[in-house]
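In: from the sequence below, what's the structure:
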Amino acid sequence: MNQSIAGSKKKVLPPKTIKPKRIAKGIWKDYQLYLLLLLPIAYFIIFKYVPMYGAGIAFQDYSIFKGVSGSEWIGFENFKELFAMSQFYTVVRNTLLLNLLDLIVSFPAPIILALMLNELRIVWFKKISQTILYLPHFISWIIIGGLVYQIFSNKGGLVNNMIVALGFDSVPFLTEKNHWLLVYLGTGVWQSAGWGTIIYLAALTGINKELYEAAEVDGAGRWRKMWNITLPGIRSTIVVMLILALGKIMTIGFERPFVMGNALVMDYAEVISTFVYKVGLQSAQFSLATAMGLFQALVGLVFVIGSNAIAKKMGEPGLW
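Out: Here you go, the predicted structure:
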C-alpha cells in the first residue's frame with residue numbers, strides 16, 4: 001500500500017512553463033496572422049485607450065488653455081450639475097426608449113433573414129439577394145436621411161402623394177412623434193438587417209449536416225428542422241450578440257437621430273449623442289459633456305456584466 005502511495009506521488013509533475021523561445025517560434029511560424037492583428041490593435045490603442053486619458057476632464061473645471069494637466073480638479077461637481085438638469089433625464093429616457101425598441105425590432109430581423117437565406121436552394125439567387133441586402137449598410141445616414149425625406153415628407157413625399165391620390169389625408173410621418181418613431185425604427189431595420197446576417201450565416205455553416213439528414217429520415221419538414229436544429233445550433237451566437245447589444249443600450253449613434261430628427265419630434269429625437277454634441281461642441285462645456293459620456297459608459301458596462309451573468313446562469317457560455 002505504501003509503495004502504491006509512493007508510486008502515485010512520483011506521477012505528480014510540476015506544471016509546464018512556456019519558454020520564451022517556444023513563444024517566439026510560434027509567433028514566427030504564424031507571423032502573417034500576427035501582422036494582420038497590428039492594424040486592429042493599433043486602432044483600439046489609438047482610438048479607444050489613448051482617449052481614456054481625457055476622461056479625467058469629467059472631474060475638472062476644464063480649460064482648453066490650461067489642458068488636462070493644468071485644469072482645476074472639482075470632484076463630482078460636473079455630475080451634480082448634470083443630474084440637476086431636467087434635460088438630462090429626457091435624453092436618457094429617449095436613448096433607452098429608442099435603443100430598447102431598436103433591440104425588440106431590429107435584433108430579431110437579421111436572425112429571421114439569415115434563416116430565410118439559408119433555406120434558399122438556388123445559389124445564384126441567394127448570392128444576389130445577399131448582395132442587395134448588404135448594400136444599405138454602406139449608405140451614409142446623410143443620404144438615408146435625404147431618401148427618407150423624399151419618401152415620407154408631408155408635402156411632396158412619394159408615400160403621401162400616393163395616399164392623397166387615393167383620396168385620403170396625408171400622414172405626418174416626419175412631424176408627428178409616433179409616426180416618426182415608426183419611420184425611425186423601420187429605417188434602422190432596413191439599414192442594418194442585411195449586414196447583421198453575416199455573423200448568423202457564418203454560424204449556420206458550423207451546424208452538422210448529418211443532423212438534417214437524420215431529421216429528413218424521421219420525416220421532419222423544413223419548419224421542424226429549422227426549429228429543432230437550426231435555431232439551437234446558433235443559440236450561443238444569438239446570446240453573445242444579445243449581450244453585446246445590451247451593452248450598447250445607453251450608446252446611440254449621432255448621425256441617425258440627428259439627421260432624421262427635427263424640432264417637431266424632439267420629445268423622442270433628443271438623445272445622449274445629440275445632447276453631448278450641443279453641450280460639448282456648441283456650448284463649449286467640455287467637462288459636462290465628458291461627464292455625460294462617462295456616465296453613459298458606466299451604465300453600458302453594468303448592462304454587459306449583468307447580461308453576461310444572466311446568460312451564464314441560463315447555461316450559455318457568455319463573453320467570459
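
In: quick check: residue 241 vs residue 102, distance?
Out: 14 Å (CB to CB, to the nearest Å). Backbone N, C-alpha and C define where each C-beta goes, glycine included.

In: residue 270 too?
Out: Separation of residue 270 from residue 102 (CB to CB): 16 Å.

In: residues in contact with residue 110?
Out: 192-197, 199-200 (CB atoms under 8 Å, 6 or more residues apart in numbering).

In: now the buried members of those residues.
Out: Buried members of the contacts of residue 110, scored by 16 or more other CB atoms under 10 Å, are 192-194, 196-197, 199-200.

In: let me know the closest of those to residue 49.
Out: For the buried ones among the contacts of residue 110, the residue nearest residue 49 by CB to CB is residue 199; the value is 25.3 Å.

In: helix, strand, or coil at that closest one?
Out: Secondary structure assignment for residue 199 (DSSP: H, G, I helix; E, B strand; the rest coil): helix.

In: relative to residue 254, how far out is it?
Out: Counting by CB to CB, the gap between residue 199 and residue 254 amounts to 24 Å.

In: avg pLDDT for the helix or strand hosting residue 38?
Out: Under the criterion of DSSP states H and E, residue 38 resides in helix 31-44. On average, the pLDDT along helix 31-44 is 89.

In: just checking, what packs against that helix?
Out: Contacts defined by 3 or more CB pairs under 8 Å, 6 or more residues apart in numbering; DSSP states H and E place helix 31-44 against no helix or strand at all.

In: what's in contact with the helix or strand following that helix?
Out: Remark: after helix 31-44, the chain's next helix or strand is strand 60-61, criterion DSSP H and E. Applying CB under 8 Å, 6+ apart, the external contacts of strand 60-61 come out as 68, 71-74, 77, 287.

In: hmm, 10 Å instead?
Out: By CB atoms under 10 Å, 6 or more residues apart in numbering, the surrounding residues in contact with strand 60-61 are 66-75, 77-78, 286-287, 290-291.

In: now the residues you listed: which count as buried?
Out: Buried members of the contacts of strand 60-61, scored by 16+ other CB under 10 Å, are 71, 78, 286-287, 290-291.

In: just the C-alphas of the helix holding residue 38, formatted as CSV.
Out: The C-alpha trace of helix 31-44 is given here as CSV (Å, rounded to 0.1, in the frame of the first residue of the first chain):
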residue,chain,number,x,y,z
TYR,A,31,3.7,35.8,-38.5
GLN,A,32,1.3,36.7,-41.3
LEU,A,33,-1.6,36.3,-38.8
TYR,A,34,0.1,38.5,-36.2
LEU,A,35,0.8,41.1,-38.9
LEU,A,36,-2.9,41.2,-39.7
LEU,A,37,-3.6,41.9,-36.0
LEU,A,38,-1.4,45.0,-35.9
LEU,A,39,-4.0,47.3,-37.6
PRO,A,40,-6.9,46.4,-35.3
ILE,A,41,-4.6,46.6,-32.2
ALA,A,42,-3.4,50.0,-33.3
TYR,A,43,-6.9,51.1,-33.9
PHE,A,44,-8.0,50.2,-30.4
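
In: quick check: mean pLDDT of stretch 165-178?
Out: Mean pLDDT, stretch 165-178: 89.
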